[in-house]
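Student: 3D model of this:
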Amino acid sequence: MGEPRGAVAVTKWVRSLPAVLAGLSVCEVLVRSSGPHIGPRSGLAAVLLLAVAAPLPLALVLRAERIARGAAALGLSGACVLALVPFRSLTVAAAVAQLTCVYVLVRAGWTRLGGVLVVPYVVTALASDHPTTRVAAVLVATFAAAAAATGIAQHVRSTALAHSATERAFADTLLEHAARGERARIARELHDVVAHHISMIAVQAENARLTTAGLPAEGATRFLAIGDTARTALTEMRRLLGVLREDAQGTDTGVRRRPQPGLGQLLELLDESRDAAGSRTRLIVSGPVAALDPGIEVTAYRIVQEALTNARRHAPGAAVDVELRYGAEELAVRVRDNGPGPAAFGSPGHGLLGMRERTATVGGTLHIGPAPGGGFLVEARLPVKSEAPA
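Tutor: All right, here's what the predicted structure looks like:
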């Protein structure tokens with residue numbers, strides 16, 4: 001059997017506290033009855049009954065359902081007040097049960113009920129003409145207020161921790177969702193690029209088989225096998241990655257299809273950035289310009305695109321330099337602005353995560369941080385493989 005709904009989580013030792021307090025309360029009444037008695041001796045049986053009845057409802061306060069818990073708390077408080085006012089025999093154990101009840105209720109969020117339980121003692125302290133009853137009522141009211149304040153502090157702290165954990169989980173979920181979306185976008189672009197190459201392999205193998213004069217039968221068989229293998233690989237790749245495309249369900253999304261962008265469209269991107277931000281943006285190209293693998297060009301283009309977007313968002317009006325350095329082994333892409341630097345960016349966002357994902361996909365390295373002399377710098381180094389122009 002699990003804990004009842006709405007019960008307070010307690011340890012095994014705390015569960016036995018009501019029985020212990022009831023026993024101590026009875027012992028205290030018996031000790032008092034052996035000497036000078038505070039109240040009338042004719043009510044000893046009633047005092048003993050109240051001594052047992054006062055702490056026991058605490059068990060329901062700790063473990064019961066919502067309605068039963070409130071009724072038990074009111075019963076506990078009533079028994080304690082009844083023992084105090086007519087009989088002037090409120091035991092220390094019963095008072096401890098009362099304070100524990102107030103603390104548990106307020107910590108669980110029952111602030112109003114906890115305050116209601118303190119009111120009878122305040123009224124008794126103000127209205128009673130018996131000094132012993134008045135002192136006992138003042139002491140219980142004071143300690144009950146302190147217990148309520150402690151319970152409120154614990155409740156606020158636990159609520160703040162729960163909210164903080166929820167916010168962290170929500171932020172992690174958003175970040176993971178953005179990362180998955182970026183990976184899906186990268187997979188779609190790689191799918192388009194790789195599908196083109198595999199299709200070319202199949203077409204060239206078929207053309208070679210049909211147009212090569214004097215081709216032996218074994219050679220024709222091998223060309224046919226190459227074409228079949230390429231088409232099988234293309235089919236399997238589309239089956240695995242095609243679901244990531246917007247038109248995977250065969251519905252017309254109305255999206256205009258365009259070839260994957262490359263470095264040839266970089267000038268258009270810079271013109272769009274100038275028009276959108278109204279800032280100076282220039283392109284610096286060094287080294288022998290060569291046609292690169294389409295996957296490298298898409299990655300470089302997307303890194304520049306995201307860096308320009310971040311510059312417009314976090315450093316509006318700042319001048320931006322986009323530099324491409326072609327080398328024999330790598331392509332260096334540098335995007336630098338003269339804005340306020342990393343302080344304007346705050347915590348890393350989804351765009352920077354996407355740039356890291358893209359760079360890692362092609363085996364490159366990425367550096368993001370403050371630029372020498374001020375501003376923000378994005379620098380990627382992508383391994384390249386030159387290919388002859390088509």
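Student: would you list every one of the strands in the protein?
Tutor: Listed in chain order, the strands of the chain (DSSP state E) span 281-286, 320-326, 330-337, 365-370, 376-383.
Student: Which helix in the protein has the most residues?
Tutor: The longest helix of the chain (DSSP state H) is helix 131-211.
Student: follow-up on the earlier one: out of the strands of the chain, nearest to Val194?
Tutor: strand 376-383 (16.9 Å; CB to CB). Backbone N, C-alpha and C define where each C-beta goes, glycine included.
Student: rewinding a little: report all helices and strands that the longest helix of the chain contacts.
Tutor: Helices and strands touching helix 131-211, by 3 or more CB pairs under 8 Å, 6 or more residues apart in numbering; DSSP states H and E, are helix 66-84, helix 92-107, helix 111-127, helix 217-241, helix 294-314, helix 350-361.
Student: Need those in TSV (columns: mean neighbour count and distance to Asp275).
Tutor: Formatted as TSV, these follow (neighbours: other CB atoms under 10 Å; distance: least, CB to CB, whole Å):
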stretch	mean neighbour count	distance to Asp275
helix 66-84	20	62
helix 92-107	23	60
helix 111-127	17	58
helix 217-241	14	35
helix 294-314	22	11
helix 350-361	19	20
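Student: So for Cys27, which of these sits nearest?
Tutor: When those are compared (using CB to CB), the closest one is helix 92-107, at 8.4 Å.
Student: Dump the closest one to PDB, restricted to CA.
Tutor: Presented in PDB, the C-alpha positions along helix 92-107 are these (Å, rounded to 0.1, in the frame of the first residue of the first chain):
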ATOM      1  CA  VAL A  92       3.900  19.600  27.800                       C
ATOM      2  CA  ALA A  93       3.500  16.600  25.500                       C
ATOM      3  CA  ALA A  94       0.100  17.900  24.300                       C
ATOM      4  CA  ALA A  95       1.600  21.400  23.700                       C
ATOM      5  CA  VAL A  96       4.400  19.800  21.700                       C
ATOM      6  CA  ALA A  97       1.800  17.900  19.600                       C
ATOM      7  CA  GLN A  98       0.000  21.200  19.000                       C
ATOM      8  CA  LEU A  99       3.200  23.000  17.900                       C
ATOM      9  CA  THR A 100       4.100  20.000  15.700                       C
ATOM     10  CA  CYS A 101       0.700  20.100  14.100                       C
ATOM     11  CA  VAL A 102       1.000  23.800  13.300                       C
ATOM     12  CA  TYR A 103       4.400  23.400  11.800                       C
ATOM     13  CA  VAL A 104       3.400  20.400   9.600                       C
ATOM     14  CA  LEU A 105       0.300  22.100   8.300                       C
ATOM     15  CA  VAL A 106       2.000  25.400   7.500                       C
ATOM     16  CA  ARG A 107       4.900  23.600   5.800                       C
END
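Student: outside of it, which residues touch it?
Tutor: Residues outside helix 92-107 that contact it (CB atoms under 8 Å, 6 or more residues apart in numbering): 8, 17-18, 21-22, 24-25, 28, 50-51, 54-55, 57-58, 61-62, 69, 73, 76-77, 79-80, 83, 113-114, 117-118, 136, 139-140, 143-144, 147-148, 150-152, 154-155, 158.
Student: how about stretch 262-281: buried residues?
Tutor: Neighbour counts over stretch 262-281 (16 or more other CB atoms under 10 Å) mark 262-263, 266, 269-270, 273, 277, 279, 281 as buried.
Student: Out of those, flag the one nearest to Gly375.
Tutor: Of all the buried residues of stretch 262-281, Gly375 sits closest to Ser279, with 12.6 Å by CB to CB.
Student: returning to that earlier point: so which of the buried residues of stretch 262-281 belong to helices?
Tutor: Per DSSP H, the buried residues of stretch 262-281 map to helices at 266, 269-270, 273, 277.
Student: Where is pLDDT lowest across the residues you listed?
Tutor: Here the lowest pLDDT out of those sits on Ala277, with 66.
Student: What is the burial count for the residue nearest to Gly109 when sequence neighbours are not counted?
Tutor: Distances taken as CB to CB, 6 or more residues apart in numbering put His155 closest to Gly109, at 5.9 Å, once the chain neighbours are dropped. Neighbour count of His155, defined by other CB atoms under 10 Å: 16.
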